[in-house]
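Visitor: any chance you could fold what I've pasted below:
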Amino acid sequence: MNALTSRQGEVLASVVQAIRENGRPPTLREIADTIGVTNTNTAKDHLRALEKKGHVRLLPGSRGIQVVGPLTKAVRR
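Guide: Next up, the predicted model:
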């Protein structure tokens with residue numbers, strides 16, 4: 001897997017946290033709100049980059065985000 005930018009790390013962390021807390025991935029709007037942007041396209045761009053780098057798999061649907069690998073190793077703090 002390729003290294004992440006700090007913003008991509010934030011996006012991945014928000015996805016992992018939502019899955020842990022709610023049992024489901026966040027929506028694009030929820031990701032955008034978490035990382036402090038108003039445009040959901042920005043969140044989608046980061047998710048596409050994460051998919052290209054092999055950290056997530058994007059699936060159809062508003063919550064179509066699957067973290068690749070164990071959640072405990074997806075985000076290192």
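
Visitor: so how far is Lys44 from the residue lying farthest from the centre of the chain?
Guide: The outermost residue of the chain relative to its centre, with distances by Cα atoms, centre = their mean, is Thr38 at 16.1 Å. According to Cβ to Cβ, to the nearest Å, Thr38 and Lys44 sit 13 Å apart. Where you see a C-beta, it was placed from the backbone N, CA and C, and this is true even at glycine.

Visitor: what do you get for Arg63?
Guide: Distance from Arg63 to Lys44, by Cβ to Cβ: 13 Å.

Visitor: pLDDT weak spots in the protein?
Guide: 1, 70-77 (pLDDT under 70).

Visitor: please enumerate the helices of it.
Guide: 6-22, 28-35, 40-52, 71-74 (DSSP state H).

Visitor: Arg48 reaches His55, doesn't it?
Guide: No: judged on Cβ atoms under 8 Å, Arg48 makes no contact with His55 at a distance of 11.2 Å.

Visitor: so these two - more neighbours on which side?
Guide: The neighbour comparison of Arg48 against His55 (other Cβ atoms under 10 Å) goes to His55, with 23 against 12.
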